[in-house]
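Student: Sequence and predicted model, in that order:
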Amino acid sequence: MADRIDPGIRVIEESVGSGPCAAAGATVVYNARFYLRRGDEVTADRDLIERSGDRLSSRQVEDAELVDHRLVLGKRRAIAAIEKTLSGMQPDGYREVLASPHLCYGDRGVPGRIPPSAMLRIRIWVRAVEPA
């Protein structure tokens, strides 16, 4: 296991999947959980599920219902930490990383959810990779 994916992302735990690797242009379906450094979970998926009714697909991961996010890598539709963590992952793969603020929400944070300059612990499960 590599200790770092990027200078701002340290791998804490990793489980390799099988199948095609996620690379620029690939469509990736994934689930993610975010935690502040002290361990408090940032629970955006619960809010998304409640607001969307049945329009979003979701699944149970451990004790939480998580949204299936769909992303084309390299299009900058997610924070840099997510894009960099997903790169090289395979279906059924898992990574837990510690990401620096500059790759997450920076010095602005997300009011009411993520404080300014917060380092995040991110847990990501890849469900599918559709190569470009």
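Tutor: Nice, I can see it.
Student: where do the helices sit along this structure?
Tutor: Taking DSSP state H to define them, one finds helices in the chain at 44-52, 80-86.
Student: between those, which gets the lowest average pLDDT?
Tutor: Among the helices of the chain, helix 44-52 has the lowest mean pLDDT, at a mean of 60.
Student: my guess is residue 85 contacts residue 96, does it?
Tutor: No - Residue 85 is beyond contact range of residue 96, at 9.3 Å (criterion: Cβ atoms under 8 Å). Just so you know, the C-beta spots here come from the backbone N, C-alpha and C atoms, and that holds for glycine as well.
Student: what touches both of these two?
Tutor: Listed as contacting both residue 85 and residue 96 by Cβ atoms under 8 Å, 6 or more residues apart in numbering are 122, 124.
Student: Between these two, point out the one with more neighbours.
Tutor: Counted by other Cβ atoms under 10 Å, residue 85 and residue 96 do not tie: residue 85 has more neighbours, with 28 against 17.
Student: quick one: contacts for that one?
Tutor: Residue 85 touches 5, 9, 95, 97, 99, 122, 124, counting by Cβ under 8 Å, 6+ apart.
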